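Asker: what's the 3D shape of this:
(chains A and B)
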Amino acid sequence: MSLDRSAEPVAPTASAAVAGRVPLWRRLARDRFALVGAVVVVAYALVALAAPLITRALGVDPYTYDLDALGPTGAPAGPLGGVSAEHWFGVEPLTGRDLFAIVVMGSRTSLLVGIGATVVSMLVGTVLGLVAGYFGGWVDWVVARLIDVLIGLPALVFMIAVGAVAPDWFPRLLLLVLVIGLFGWSSIARVVRGQTMALRASGFVRASRALGASHAHVLFRQVLPNLASTVVVFTTISIPGAIGAEAALSFLGVGVPPPTPSWGRSIGDAVTWFAVDPVYLLFPGLALFGVTLAFNAFGDGLRDALDPRGGSRKRRRRGGAR
Amino acid sequence: MTLVRFLATRLATLAFVLLTVSFLTYALFVLLPADPAALACGKPCTPERLETARAFMGLDAPVVQQWWDFVRGVFTGRTFGSAGATIDCPRPCLGYSFARNTPVTELVVGRFGVTASLAIGAAVLWLVVGVGAGAVAAVRRGTPLDRGLMVAAITGVSAPSYLVGLLGILLFGFTLDMVPVSGYVPFAQSPVDWAWHLALPWAVLALLSAAVYARLTRSQMLEELGAPYVRTARAKGLTEGRVVTRHALRNAAIPVVTLFALDLGALLGGAVITERVFSMPGLGALLMEAVGSTDVPLLVGVTVFTAAIVVVANLAVDVVYGVLDPRVRRGGRTR
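Answerer: Numbers count the residues shown, from 1 in each chain, chains lettered A, B, ... in the order given. Modelled structure (predicted):
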């Protein structure tokens, strides 16, 4: 998703209590759109895992220059951006590097940053939401103000700035994971906080406390398992956002540095070429669009399956404010 | 909580957030490897001249002092340098870009028209299209129309704006030669050219955002249409059209309006990507130029300005709700 706007996902309100009688996988299987999404996500994951094997088997790699594949202007020789038996997706203008290898290896960058950043967001958001909702009082106040500031910060601007400030020895991929992750935890924190507040008042939590259970035990052993489906749904619908953030930063030239393959950077490079070589834009673009769409479709289905009512009224009543 | 106290709390939060954001910005950018004084010092740059330049720009003070000078400058204006040669930065002073020899406020104001034109036009379009599509889908739930709209919506949510923008340029700009592919013409210069240059950016931004609004409106509408008050309204013999538009849509609109204000606020702070794709000289482009030339005062000024817009949009939502809905005043926001 574009970073121009901080679109909030249609909030999922999964709760373990509404799981119903039909098993989860069967409800998911009935939703064909979600099923296709899941299959595509798995396919992307397999390609990412096997990327070096795939490129080696085909005898291509994303770093080798092939100036013979270029025409006199630096654009790929031949029609369709130099698509040939040797270069399935054509080649990169100016360098002649194999675009198929770049797109295949780019899936690793995309998924690594997307999933890594989401894990960071979920960890931070869940823990802060839990303690804020459970302890209330000044802890809640501090977390609420943190969220206020986070929403007030222009995220993209800050991500760009942090990229400019970070020392050169700091690994860029890790930096992207941390930066994107630390800007994305506010929505999960708010929802977890709301649900924790509701659970805090419930009988089993009070019973545990009365029996002498520690706060840590209650939080992580009693409350957290009840939030599992919420966290799972949020994780799924957050990954495409993080993937999009990486691509957007790389598109702007402040993300993954060359020569590490990145779809966003390829799309950014394609801007100057696409009047003469639109194919260069097409393949990285489709790869990025495909993985985002698949995750969104799967996430939607998962949310519906975990919460058949899919409404937000419940959340509102629980005081799902900040 | 009384309304006055509610407003006071919200305003205090606003001030707190803005101060924190500006401080974070300051702290972050002071860490930048680029030293504006060294850039302005010229060659040969003797240590004495560097010291003079630093003192002139106010960089010799501790970070907290520098930040406080900045905050004060917004309200009172600032003067850089002392005796002899000085540079005035009238209020509201967001800093002074020594690299460009211009007050940041002047640069920001100069670019704001572009971003505002882009953001407001697109916002009107996406609100109409998105809410309309979402409401229709909800009323026609389960029909092919609903499914078609929702597939279109999830596609729109997933498509990166720059990709769609570039494809739009390729199709409508190059192949069909219908619209100009880049640049910006001020409204005052030629309203027709202004709209013509903005047509494609508006369409791209609006269509993608409309997808989010269609999904949100649909899910809210479905919830409202199943609520008891809708059954009551129908039982009283109201026409279906009236039930949908006057009752269900009205209540469904609450979270939509929240999101709208936040999105519009964020967009007014600079549509970095859209401006890059369509080569429009807006705030986002100014920011990227500042990054490119490590113009620290400009970076700080633009960031704080952007944050201010976002925070004010946030406040506007809260206040409107607080005034309209007494429950909000008691229990925090509805979202």
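
Asker: From now on I want contacts and neighbour counts done on CA atoms only, so please keep to that.
Answerer: Fine.

Asker: per-residue confidence for B:Ser82?
Answerer: On pLDDT, B:Ser82 comes in at 65.

Asker: What are the contacting residues of stretch A:146-155?
Answerer: Outside stretch A:146-155, the residues that touch it by Cα atoms under 8 Å, 6 or more residues apart in numbering or on different chains are A:183, A:186, B:17-18, B:20-21, B:266, B:269, B:303, B:306-308, B:310-311.

Asker: Filter those residues down to the ones in helices?
Answerer: Counting by DSSP state H, these place A:Ser186, B:Val17, B:Leu18, B:Thr20, B:Val21, B:Ala266, B:Thr303, B:Thr306, B:Ala307, B:Ala308, B:Val310, B:Val311 in helices.

Asker: The nearest residue to the fourth one once chain neighbours are set aside in helix, strand or coil?
Answerer: Which is B:Thr20. Nearest-residue entry for B:Thr20: A:Val149, 7.0 Å, with adjacent residues in sequence omitted and distances by Cα to Cα, 6 or more residues apart in numbering or on different chains. Following DSSP: H, G, I helix; E, B strand; the rest coil, the label given to A:Val149 is helix.

Asker: and A:Val149, how far is that from B:Ala307?
Answerer: Using Cα to Cα, to the nearest Å, we find A:Val149 at a distance of 9 Å from B:Ala307.

Asker: Pull up the overlap in contacts between these two.
Answerer: Listed contacts common to A:Val149 and B:Ala307 are B:Leu18, B:Val21; contacts here mean Cα under 8 Å, 6+ apart.

Asker: Looking at these two, which one has more neighbours?
Answerer: Just comparing A:Val149 and B:Ala307: by other Cα atoms under 10 Å in any protein chain shown the higher neighbour count belongs to B:Ala307, 27 against 22.

Asker: and residue 234, how many neighbours does it have?
Answerer: You didn't say which chain, so I picked chain A. In terms of burial, A:Phe234 registers 25 neighbours under the definition other Cα under 10 Å.

Asker: Wait, chain B was what I had in mind.
Answerer: When neighbours are counted by other Cα under 10 Å, B:Arg234 comes out with 15.

Asker: Could you pull out the helices in chain A for me?
Answerer: With DSSP H as the criterion, chain A has helices spanning A:24-30, A:32-58, A:99-135, A:137-152, A:155-165, A:172-182, A:186-200, A:203-210, A:215-217, A:228-251, A:263-270, A:278-306, A:313-317.

Asker: How about the stretch 151-300 of chain B?
Answerer: Taking DSSP state H, counting those that start in this stretch as the test, the helices found in the stretch 151-300 of chain B are B:161-168, B:191-225, B:228-235, B:240-242, B:249-268, B:272-277, B:283-292, B:296-324.

Asker: Next, the buried residues of the longest one.
Answerer: If I follow you right, that is helix B:191-225. For helix B:191-225, the neighbour count (16 or more other Cα atoms under 10 Å in any protein chain shown) marks B:194-225 as buried.

Asker: For B:Leu315, which residues are in contact?
Answerer: B:Leu315 is in contact with B:Arg10, B:Leu11, B:Leu14, counting by Cα under 8 Å, 6+ apart.

Asker: quick one: least confident of those?
Answerer: B:Arg10 (80).

Asker: Report the spatially closest residue to that one, excluding sequence-adjacent ones.
Answerer: Spatial nearest neighbour of B:Arg10, excluding adjacent residues (Cα to Cα, 6+ apart): B:Leu315 at 6.8 Å.

Asker: and B:Arg91, helix, strand or coil?
Answerer: At B:Arg91 the chain is in coil, as set by three-state DSSP.

Asker: any idea how far it lies from B:Thr20?
Answerer: Using Cα to Cα, B:Arg91 is found at 21 Å from B:Thr20.

Asker: Same question for A:Val103.
Answerer: Between A:Val103 and B:Thr20 the distance, using Cα to Cα, works out to 41 Å.

Asker: ok, those two, which is more surrounded?
Answerer: For A:Val103 and B:Thr20, the more surrounded residue by other Cα under 10 Å is A:Val103, and the numbers stand at 23 against 16.

Asker: Tell me the confidence at that one?
Answerer: Per-residue confidence (pLDDT) for A:Val103: 87.

Asker: mind listing what it touches?
Answerer: Under the criterion of Cα under 8 Å, 6+ apart, the contact list for A:Val103 reads A:Pro261, A:Ser262, A:Trp263, A:Phe283, A:Pro284, A:Ala287.

Asker: ok, how many other residues are close to the closest residue to chain A within the stretch 101-250 of chain B?
Answerer: Taking Cα to the nearest Cα, chain A has its nearest neighbour within the stretch 101-250 of chain B at B:Ser158, 4.9 Å off. Using other Cα under 10 Å, the number of residues around B:Ser158 comes to 27.
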